[in-house]
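Participant: just need the structure, nothing else, for what follows:
(chains A and B, ligands or ions: 1)
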Amino acid sequence: MKVTVKLIGPFINTLGFSEKQIELPAEATVEMVLSSLPLDPARPKIVTRNGQAVALNEKLKDGDRVVISPIYSGG
Amino acid sequence: MYGWTGNILRINLTNRTHKKETFDEQFALKWVGGRGFALKILWDELKPGIDPLGPENKLIISVGPIAGIPAPNTGKTVVAAKSPLTGGYGDGNLGTRVTEQMRKAGYDIIIIEGQSDKPIYLYIEDDKIEYLPADEIWGKGTYDTHAYLYKKYGKGAGVLSIGQGGENLNLYAMIRSLEGRAGGRPGIGAVMGSKKLKAIVIKGSKPIPVADPDGMRKLGLDDLRKVGEIDKQTGWSIQGTTGVLAWCNEVAALPVRNMRKTHHPDAWKIDGERLNNARVATYGCPNCTMRCGITILDHEGHESELDYENIGMLGSNLEIFELDQVASLNYLCDDFGLDTISAGAVLAFYADAIDHGAIKGDFRFGDAEKAKELLRKAALREGEVGNLLADGTMRMAQRIGQGSEAYAMHVKGLEISAYNCKFIPGMALAFGTSPIGAHHKESWVITYELKQSQRDSYGPEKAAKVIELQRIRGGLFEFIVACRFPWIELGWDINHYTTYFNKVTGLNWTLDDFWKVADRIYALMKFFWVREFPDWNRTKDYPPMIWFDPANADTEGPIAGKVLELDKYEKLLDFYYEQRGWDRRGIPTKKTAEALDLKEEAAEVEKFTKLE
Ligand code: SF4
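Facilitator: Reported below is the predicted structural model:
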C-alpha cells in the first residue's frame, strides 16, 4: 500500500524531504513508518494520521497521510 | 536587595516633571517584575472607569529580575496600560535593547503619566531625563523613526516607538522595537500615542545588581552557548514559529477566511518551508542564540520579518497565499505600528461582513492590494472605513450589527490569534480565559489536546493543563520576563529559570513559589476587569458563538461535521473556575484571594461586586 508522509518544520531538513509517498506492506503500523526514518527516537514529536492523533501501533490504510511534527508551543 | 534595582522612574508628561521612587523587598517578592509590577501599579493608581486614551491612564514599562542579564532569552520588556481596545488590563512583551539599558540606567519600572500638549520623545540616560520635540519623527513610520533615533543615539541605545497607528489612536496599535519586534497587542501603542509620546530612548551605565555576579555570568554565557547548540542540533530556528502553519493546516486548526475554514490547499505557498527558502536575513531579540526572525523581501522590496502569527492572520485568514504580498502586509503593520494579529482579524471580519451582506464594501478575501490600502486607512483613521477598521473587531461588529457579532473573532475585545478552535475545546478555553483577551501567549494546549488527551474531551484534565500552562507562560515568563521559546521548542528545562532567579536574587525559590505569584497575578488581573465591568459574568470568558454553530462545521477534512458544544464548554469552564478557586461568574472567591495575599484587593473589588 501507499502512504504519504509529510514532515513539519526542521524534520524536513533532517530527512531531506518535505512530503513523499512511501510503499509499505499491508497492515503496516505508524511505528513502522517512524522506524524507517532516521529521526532521533528520543526527540519529542507528534504524529497524526489524516489529521487525527494516532497511536503508534495503529495499522495504516492505503492512501493515509501521516504527519510527523516536532512539539511546538505556539507561534 | 539583589535582582532588583528597587527604583521606579515616574514621568509626568503634562508638566514635564519626573521623580525617582523606590519599592521595597516586600513589593518585589510579591509581584516579582514585568507583568506583576505593571498590574499592581495600574490596580493601585488607576481610578476605575477612566478613559484609556485620556491623561489619567498610565503607560508602564517594566522588567523582571533576570531581564537583561546575559542568560538565555532575557531580552524582553513588558509594556502595559488599561487597554483602549478591551477596557480591561492590557499588556505585552517585546524583545528590545531597552531591557538591558533600562536596568543599567537603574530602573525596574518606568511609569509614564499625563499627556504632552505637543509630540515629544523622551531621552533617558541614567538620572538624566530629557523631553525633546518629536517634530521630525511624528507622522513617520517606525522604520524611519528608529533609523533617525539610532543615528542620533547609536545602535546600542534602547528604543521604543510608535508608528502612525499609535499617533492616530488606532485601538490595536502596538509599541515597536528593533526589526520586527513589537509588543502590547491590546492597544498599548495607542495609549502611548494619546500621550503624544512618539518614542523613548534609554541608555544606562550602571551595573545590574546580581547576588552572584561571577556565578551568574559564567552560567548565563554557558547556557546561551548550550541553547544555541541545541537549536543547531534540532534545527528549530530554520523555520522558527512558522513551522506551525503547515501543522495547523494538517490538523484543521488554521485560520482561513475569518476562521470559517480550518485548512486550505494553498496554505503550503506561505508556509515555513517557503519562508525559509526566501530568507534574506535573520533577526532576533537581544540575549538570544536561537533567533527566530525570518526575514524576506516583500512585494515592494522591503525587508519584512515574519512569524507564524503574521502568515496565519495576514495570509491564510485573508486567503492571501502570495508570500511576498503577505510580507508586504506585515511590513505595513510593522511600519504603522499595528498588531498583525488584530489587523488580520479586522480585515478578515470586514471581508466576511461584506460577503454576508451585513455591510457594503468592495473588499474581498484574497485581495492583497486592497488589503494594503485598508491597512493604511486604518492606521491613519482615514475616512469612514478607516475609522471603522481602526476600532477593532468588537466595535466594528457592534456598529455593523446584522448578527455579525457571532463571527467577530475576539474574546473580551482582543482579536483571537492564529489558531482556529472550531473544534479544539481546550485551546478555546485558553483563549476564553486569557486575562488580556484572546492571546495565545498565555496558554497553548493544542499539541497536548492532540497527543495526550482526546481532541473532543471537555474533561477536567484540559482545564488543569490550561492552568498549568498559564502559570508558566502567562505567569513565570511574564514576571521574570524572558522569552519562553527555549523551554518547549528546545526542551530547555523550566528549572533553569529557578536557578537564574536564585543566582540573581540570592533567594532560594522553588517552582511552587513561582506558581503562587502566577496565581496571584491571574486573580488580580480578573479583579481589574471586574472593577471595570462590575456586572461581570462568565459569558465574557466565551469564545465567539460561530465556533458553536453546527452550520459552520467543516464539510470535509479531519473535523468534518464537528464544532464546539456550548453545554460542554460551560462544564469545562466550571472545571477551570473550580481548579482556580473562582466562583461560577469567573471571579476569585474571598477565600482564594486571602490564600493569595490579596485581602486588600478583595476589599477594594467588593466596592463593586460582592465576592463569594
Ligand atoms: S526565540 Fe525569537 S522571540 Fe524568543 S528571544 Fe529569540 S528571537 Fe526573540
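Participant: any idea which element B:Met290 lies in?
Facilitator: For B:Met290, there is no enclosing helix or strand under DSSP states H and E.
Participant: these two touch, right, it and B:Arg225?
Facilitator: No. Here B:Met290 does not reach B:Arg225: they are 11.5 Å apart, not a contact under CB atoms under 8 Å. Where C-beta positions appear, they are placed from N, C-alpha and C, glycine not excepted.
Participant: more crowded one of the two?
Facilitator: Shown here are B:Met290 and B:Arg225; by other CB atoms under 10 Å in any protein chain shown, B:Met290 has more neighbours (24 against 12).
Participant: ok now do the more buried one, which residues does it touch?
Facilitator: When contacts are counted by CB atoms under 8 Å, 6 or more residues apart in numbering or on different chains, B:Met290 touches B:73, B:227-228, B:230-231, B:236-237, B:284, B:485-486, B:489-490.
Participant: and the ligand, which of those residues reach it?
Facilitator: Residues of the contacts of B:Met290 in contact with the ligand (CB under 6 Å from any ligand atom): B:73, B:284, B:485.
Participant: the last one: how many residues sit nearby?
Facilitator: Put plainly, it is B:Phe485. 25.
Participant: that one contacts A:Ser73, correct?
Facilitator: Yes. Using CB under 8 Å, B:Phe485 is in contact with A:Ser73, at 7.3 Å.
Participant: pick out the most distant pair among the contacts of B:Met290.
Facilitator: The distance between the two most remote of these (CB to CB) is 15.4 Å, for B:Ile230 and B:Gly284.
Participant: more neighbours: which of the two?
Facilitator: Higher neighbour count among B:Ile230 and B:Gly284: B:Gly284, with 22 against 17, using other CB under 10 Å.
Participant: does the most centrally placed residue in chain B count as helix, strand or coil?
Facilitator: Geometric centre of chain B, nearest residue: B:Gly92, 3.8 Å, by CA atoms, centre = their mean. At B:Gly92 the chain is in strand, as set by DSSP: H, G, I helix; E, B strand; the rest coil.
Participant: excluding its backbone neighbours, what's nearest residue 51?
Facilitator: As the question left the chain open, I've gone with chain A. Spatially, and ignoring its direct neighbours in sequence, A:Gly51 is nearest to B:Pro558 (2.6 Å; CB to CB, 6 or more residues apart in numbering or on different chains).
Participant: that's the wrong chain, I wanted chain B
Facilitator: Closest residue to B:Asp51 apart from its sequence neighbours, by CB to CB, 6+ apart: B:Asn57 at 7.1 Å.
Participant: so what touches the helix or strand of chain A with the lowest mean pLDDT?
Facilitator: None of the helices or strands of chain A scores lower by mean pLDDT, DSSP states H and E than strand A:52-53, at a mean of 90. Defining contact as CB under 8 Å, 6+ apart, one finds that strand A:52-53 is touched by A:46-47, B:251, B:450-451, B:455, B:558.
Participant: repeat the analysis, applying 10 Å as the threshold.
Facilitator: Outside strand A:52-53, the residues within contact range by CB atoms under 10 Å, 6 or more residues apart in numbering or on different chains are A:46-47, A:58, B:251-252, B:447, B:449-455, B:558-559.
Participant: now, which of those residues lie within strands?
Facilitator: Among the contacts of strand A:52-53, the residues falling in strands (DSSP state E) are A:46-47.
Participant: narrow the contacts of strand A:52-53 to those that are buried.
Facilitator: Neighbour-count burial (16 or more other CB atoms under 10 Å in any protein chain shown) is assigned, among the contacts of strand A:52-53, to A:46-47, B:251-252, B:447, B:449-451, B:453, B:455, B:558-559.
Participant: those residues: which ones sit near the ligand?
Facilitator: Within these, nothing lies near the ligand by CB under 6 Å from any ligand atom.
Participant: okay if I get those as CSV plus pLDDT?
Facilitator: Below are the buried ones among the contacts of strand A:52-53 laid out as CSV (pLDDT from 0 to 100):
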residue, pLDDT
A:Ile46, 94
A:Val47, 95
B:Val251, 97
B:Ala252, 98
B:Thr447, 89
B:Glu449, 90
B:Leu450, 86
B:Lys451, 84
B:Ser453, 77
B:Arg455, 92
B:Pro558, 95
B:Ile559, 97
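Participant: nearest to the ligand, of those residues?
Facilitator: Ranked by distance to the ligand (CB to the nearest ligand atom), the buried ones among the contacts of strand A:52-53 are led by B:Thr447 at 17.9 Å.
Participant: so which bits of stretch B:515-535 are buried?
Facilitator: So stretch B:515-535, judged by 16+ other CB under 10 Å, has buried residues B:515-533.
Participant: what about it and chain A, touching?
Facilitator: No. Judged by CB under 10 Å from any CB of the partner chain, stretch B:515-535 makes no contact with chain A; its nearest approach is 16.5 Å.
Participant: give me the pLDDT for residue 74.
Facilitator: Let's take chain A. We have a pLDDT of 84 for A:Gly74.
Participant: actually chain B
Facilitator: 97.
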